[in-house]
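Peer 1: Generate coordinates for the sequence data below:
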Amino acid sequence: YNTTNLLHLLRDRNMAEYLASIFGTEKDKVNCTFYFKIGACRHGETCTRIHNKPTFSQTIVLLSMYKSPAATAAVLDPAGLGVSQYSDTELQSHFDTFFEDVFVEVEDKYGEIDEMNVCDNLGDHLMGNVYIKFVKESSAKPCVEALNNRWYNGAPIKAELSPVTDFREACCRQYEMGECTRAGNFIS
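Peer 2: Numbers count the residues shown, from 1 in each chain. This is a model prediction of the structure:
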């Protein structure tokens with residue numbers, strides 16, 4: 001190597017290290033930060049940034065699978081007029097039944113689950129999404145392939161691999177503390 005080649009190699013290595021350090025952060029102007037962090041983006045296919053869909057992952061997302069009676073009522077009648085109200089006990093019972101149905105079915109058929117998170121957001125891109133992180137990465141892809149041929153509660157299941165690796169980073173801190181009022185761009 002001559003001096004010029006070494007300088008180019010060093011510059012290229014520094015640039016590669018810089019690009020790797022900003023990947024998936026606000027500084028990354030090419031890749032969608034929200035998709036990288038939460039596996040969903042409010043802009044969907046019209047987003048100006050790239051949604052890097054993983055080809056392998058420990059985590060899957062079941063898109064819009066959970067239909068909360070409270071969320072459905074809020075979407076149908078945002079003003080709350082003429083919509084029957086559900087008690088907290090009824091809502092919790094509905095959620096618990098759903099959670100148990102999905103958790104038991106998926107773990108029994110596809111592999112041990114490390115974590116499962118059901119979104120409670122009102123944002124269209126997150127509402128009802130179910131994130132499942134398996135203990136073994138090898139469980140995720142067969143699960144996605146099988147579930148995409150299944151139905152739940154009268155609707156087809158839409159499953160895909162998710163880039164989410166850490167639910168703590170993908171969750172709204174304010175929501176976890178009971179202070180979030182926005183139903184925004186984080187899993188809650």
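
Peer 1: leaving aside the residues next to it on the chain, what's closest to Glu137?
Peer 2: Gln58 (4.7 Å; C-beta to C-beta, 6 or more residues apart in numbering). (C-beta placed from N, C-alpha, C; glycine too.)

Peer 1: So which bits of stretch 133-148 are buried?
Peer 2: 133-134, 139-141, 143-144, 147 (16 or more other C-beta atoms under 10 Å).

Peer 1: contacting residues for the residue nearest to Glu137?
Peer 2: 114, 133-137, 139-140, 165 (C-beta atoms under 8 Å, 6 or more residues apart in numbering).

Peer 1: go on, Lys136?
Peer 2: 58, 111-112.

Peer 1: now the buried residues of stretch 133-148 in JSON lines, with secondary structure, pLDDT and distance to Asn153?
Peer 2: Shown next, in JSON lines, are the buried residues of stretch 133-148 (DSSP: H, G, I helix; E, B strand; the rest coil; pLDDT from 0 to 100; distance: C-beta to C-beta, whole Å):
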{"residue": "Lys133", "secondary structure": "strand", "pLDDT": "95", "distance to Asn153": "23"}
{"residue": "Phe134", "secondary structure": "strand", "pLDDT": "97", "distance to Asn153": "23"}
{"residue": "Ser139", "secondary structure": "helix", "pLDDT": "97", "distance to Asn153": "23"}
{"residue": "Ala140", "secondary structure": "helix", "pLDDT": "97", "distance to Asn153": "23"}
{"residue": "Lys141", "secondary structure": "helix", "pLDDT": "97", "distance to Asn153": "24"}
{"residue": "Cys143", "secondary structure": "helix", "pLDDT": "97", "distance to Asn153": "18"}
{"residue": "Val144", "secondary structure": "helix", "pLDDT": "97", "distance to Asn153": "19"}
{"residue": "Leu147", "secondary structure": "helix", "pLDDT": "97", "distance to Asn153": "13"}
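
Peer 1: Low-confidence bits of this protein, can you list those?
Peer 2: 1-30, 35-36, 39, 44, 71-84, 121-126, 167-188 (pLDDT under 70).

Peer 1: where exactly do the helices run in it?
Peer 2: 3-22, 33-38, 69-76, 88-110, 140-147, 167-170, 173-176 (DSSP state H).

Peer 1: packing partners for the fifth one?
Peer 2: Which is helix 140-147. Counting contacts by 3 or more C-beta pairs under 8 Å, 6 or more residues apart in numbering; DSSP states H and E, helix 140-147 packs against strand 59-62, helix 88-110, strand 130-134, strand 159-161.

Peer 1: same deal with the fourth one?
Peer 2: Packed against helix 88-110 by the contact rule (3+ C-beta pairs under 8 Å, 6+ apart) you find helix 69-76, strand 113-118, strand 130-134, helix 140-147.

Peer 1: tell me the angle that helix makes with helix 140-147.
Peer 2: With axes from the mean of the first three to the mean of the last three C-alpha atoms, to 10 degrees applied, the angle from helix 88-110 to helix 140-147 works out at 110 degrees.

Peer 1: Thanks again, I'm all set now.
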